[in-house]
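*Asks:* what would the 3D arrangement of this be:
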Amino acid sequence: MIAGSIVMAEGRSWIPDITGFPLIDRQDNYSRTESQDFKKQPVPRFVLAGTHSGCGKTTIASGLMAALTARGMQVQPFKVGPDFIDPTHHTEICRRISRNLDSFMMGDQGVIETFNRASEGADVAIIEGVMGLFDGIDGTKTASTAHVASLLHAPVILVIDVRGMSGSVHAIIHGYRTYNPDITISGVIFNRIGSPRHRQIIDSSRSITALGWIPRREDIAVPSRHLGLAMAHEKTSMGEFGKVVREYCDLDAILKVASRAPPITGSSVKKEAGSDTCVRIGVAWDPAFCFYYQDNLDRLRLSGADLVFFSPLKDRLPDIDGLYIGGGYPELYAETLSESHCRTDIRKMAETGMPVYGECGGLIYLTSGIASGGSYPLCDVLPARAEMTKTVQALGYVQGRTVTGWSCVPARQPIRGHEFHYSRVIPDRDARYAIELQRGKGIEDKLDGLVQNCTLGTYMHTYFSKSFARHFIKCCDSYRKR
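*Replies:* Here you go, the predicted structure:
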């Protein structure tokens, strides 16, 4: 077996059927040979930004992706920030894996590298923003849509919700265009136009290129739940907005904007050499566990992992050397998870010292049980129990450092990520932690990373560094050789 490949649990081909899209980017954009440079023409690209959350940028971004894909174009989608859900819609529409671009978690160079790597072979890249254009962490530019646009020298198309406004929209446009001269706003899509008369009034004083006039459409909506919009595999209508975009947006003008994007400074990025180590890492992947950063999976593959995808809802634990359980919605499937043999398989293997890493939903699954409309036993690997709450318990970026000699995480390892959950994990009195936080809440009192044997469970969704991935692979290799 070739190191860094993709493996399914024996006899299974169900993953695309459950999700509606293949999780893994089948093209390994991390080279496993000696380093070489990217040298190519710049990819046409633009950032679709909003004035604020809820202005319609997600539906319009998805509509643009659908409309351009329908033209036969290879559209590479991206999402600014740590969101897991919007990228599932992008991926479903474009049939190319949507990537997160987050300068807080990835660093500036990481944003550029991921963009270049993922955009290979694309005709155009569409980058959906987060919140308002200039909304960054703690009032700074870091992690803002504008920051990513600046790093990628990408023109910005601004989405404005014009409900209840007419002439005032031009003051908003003027402010956004002049606030930061480093950002080029190349056009506006006016969303939720109330009537032809409403459009005429706005158009009469317009001083910027209008790339779209989208009428109010209440009949196309995506349902939501406590962590955001419904996932793409739940048969939402996001892609249907492509018809609306084709009718009310100037696609040729939008592509012309994208084609003006200049070369990216520092875009001659080194591809990384692979590893000779070969271990099998199980990745829980089904409707209960579906929150993963694609770059994390790529890092594991690069470091020598064969990724073995399986469903804790349906499968027994496959023959693996380590386990990665991402976030998702275990609370929605608690009864099925409690009845599955997989939870006892995981407990038995964890007790033997197999490396296990779980985050958020994965953390909950590794506890003794969850209270969620009933009480359900789970893996009982970590010394804690979980319960769902009606209000959000933590939301925001997380930054910390590992502080123990836990075998699967090197000591004093910087770590960054994001937390967002409507649950509590109540640890036992003698619980041990591997991570101290400078930013974020964690499990309790700025402590995160519950440990037991060689199992680590965190509330944060971590963006893997190279050293983190390589150390986890090394531990899995040591377990394999025992």
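*Asks:* in space, what's closest to the spatially most central residue of the chain - neighbours in sequence excluded?
*Replies:* The centre of the chain sits closest to Phe84, judged by C-alpha atoms, centre = their mean, with a distance of 3.6 Å. Nearest residue to Phe84, sequence neighbours excluded (C-beta to C-beta, 6 or more residues apart in numbering): Phe291, at 4.2 Å. C-betas here are computed from N, CA, C, even on glycine.
*Asks:* residue contacts, that neighbour?
*Replies:* Phe84, Gly326, Gly327, Gly328, Cys360, Gly361, His461 (C-beta atoms under 8 Å, 6 or more residues apart in numbering).
*Asks:* now those as a markdown table including pLDDT, distance to Ala469 and secondary structure?
*Replies:* Shown next, in a markdown table, are these (pLDDT from 0 to 100; distance: C-beta to C-beta, whole Å; DSSP: H, G, I helix; E, B strand; the rest coil):
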| residue | pLDDT | distance to Ala469 | secondary structure |
| --- | --- | --- | --- |
| Phe84 | 91 | 19 | coil |
| Gly326 | 97 | 14 | coil |
| Gly327 | 96 | 18 | strand |
| Gly328 | 95 | 21 | strand |
| Cys360 | 97 | 18 | coil |
| Gly361 | 97 | 20 | helix |
| His461 | 96 | 15 | strand |
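*Asks:* now those residues: which count as buried?
*Replies:* Among these, those classed as buried by 16 or more other C-beta atoms under 10 Å are Phe84, Gly326, Gly327, Gly328, Cys360, Gly361, His461.
*Asks:* ok, of those residues, which one's closest to Thr352?
*Replies:* Relative to Thr352, the closest of those is Gly326; by C-beta to C-beta it sits at 22.4 Å.
*Asks:* from Ala386, how far out is that closest one?
*Replies:* Distance, Gly326 to Ala386, using C-beta to C-beta, to the nearest Å: 16 Å.
*Asks:* if we can go back for a sec, so the residue nearest to the centre of the chain is in contact with Tyr329, correct?
*Replies:* No - assessed by C-beta atoms under 8 Å, Phe84 is found out of contact with Tyr329, at 11.0 Å.
*Asks:* can you tell me the SS state at Arg280?
*Replies:* Three-state call for Arg280 (DSSP: H, G, I helix; E, B strand; the rest coil): strand.
*Asks:* can you pull the contacts of it?
*Replies:* Counting by C-beta under 8 Å, 6+ apart, Arg280 makes contact with Val7, Ala305, Asp306, Val308, Pro318, Asp319, Ile320, Asp321, Gly322, Arg480.
*Asks:* mean confidence for stretch 87-98?
*Replies:* Averaging pLDDT along stretch 87-98 yields 93.
*Asks:* an error on my part: the question was meant for stretch 398-416.
*Replies:* The average pLDDT within stretch 398-416 is 83.
*Asks:* so for that stretch, what gets flagged as buried?
*Replies:* For stretch 398-416, the neighbour count (16+ other C-beta under 10 Å) marks 398, 400, 402-404, 406-410, 413, 415-416 as buried.
*Asks:* packing partners of the host helix or strand of Ile112?
*Replies:* Per DSSP states H and E: Ile112 is located in helix 108-119. The contact analysis (3 or more C-beta pairs under 8 Å, 6 or more residues apart in numbering; DSSP states H and E) places helix 108-119 against strand 75-80, strand 99-101, helix 103-106, helix 145-151.
*Asks:* tell me the one of the contacts of Phe291 nearest Thr184?
*Replies:* Minimum distance to Thr184 across the contacts of Phe291 is 29.3 Å, recorded for Phe84 (C-beta to C-beta).
*Asks:* residues touching Ser193, list them.
*Replies:* Ser isn't right for residue 193; it's Ile. Contact analysis of Ile193 by C-beta under 8 Å, 6+ apart lists Val162, Arg199, Ile202, Trp213, Ile214, Pro215, Arg216.
*Asks:* try Asn180
*Replies:* Asn180 sits next to Phe134, Ala146 when contact means C-beta under 8 Å, 6+ apart.
*Asks:* helix/strand/coil for the nearest residue to Gly56 once chain neighbours are set aside?
*Replies:* Nearest non-adjacent residue to Gly56, counting by C-beta to C-beta, 6+ apart: Asn191, 4.3 Å away. Secondary structure state of Asn191, per three-state DSSP, is strand.
*Asks:* thinking Asn191 is in contact with Thr58, fair?
*Replies:* No - using C-beta under 8 Å as the test, Asn191 is too far from Thr58 to be in contact (11.2 Å).
*Asks:* circling back: save the helices and strands packed on helix 108-119 as TSV, and put in distance to Ser368 and mean neighbour count too.
*Replies:* Shown next, in TSV, are the helices and strands packed on helix 108-119 (distance: least, C-beta to C-beta, whole Å; neighbours: other C-beta atoms under 10 Å):
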stretch	distance to Ser368	mean neighbour count
strand 75-80	35	26
strand 99-101	32	27
helix 103-106	31	23
helix 145-151	41	24
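*Asks:* burial measure for the residue lying closest to Met388 once chain neighbours are set aside, as a count.
*Replies:* Nearest non-adjacent residue to Met388, counting by C-beta to C-beta, 6+ apart: Ser372, 4.4 Å away. Neighbour count for Ser372, taken as other C-beta atoms under 10 Å: 19.
*Asks:* let me see the contact set for Ser372.
*Replies:* Contact analysis of Ser372 by C-beta under 8 Å, 6+ apart lists Glu331, Ala334, Glu387, Met388.
*Asks:* surely the first one meets Ile364?
*Replies:* Yes - taking C-beta under 8 Å as the contact criterion, Glu331 and Ile364 are neighbours in contact, 7.3 Å apart.
*Asks:* quickly list what's touching both of the two.
*Replies:* With C-beta under 8 Å, 6+ apart as the test, Glu331 and Ile364 both reach Ile370, Ser423.
*Asks:* out of the two, which sits in the busier spot?
*Replies:* Relative neighbour count places Ile364 above the other of Glu331 and Ile364, with 34 against 22, counting by other C-beta under 10 Å.
*Asks:* name the SS class of the more buried one, please.
*Replies:* Ile364 ends up helix, using three-state DSSP.
*Asks:* quick check: the gap between it and Gly327.
*Replies:* Going from Ile364 to Gly327 by C-beta to C-beta gives 9 Å.
*Asks:* quick check: neighbours shared by those two?
*Replies:* Common contacts of Ile364 and Gly327, defined by C-beta under 8 Å, 6+ apart, are absent altogether.
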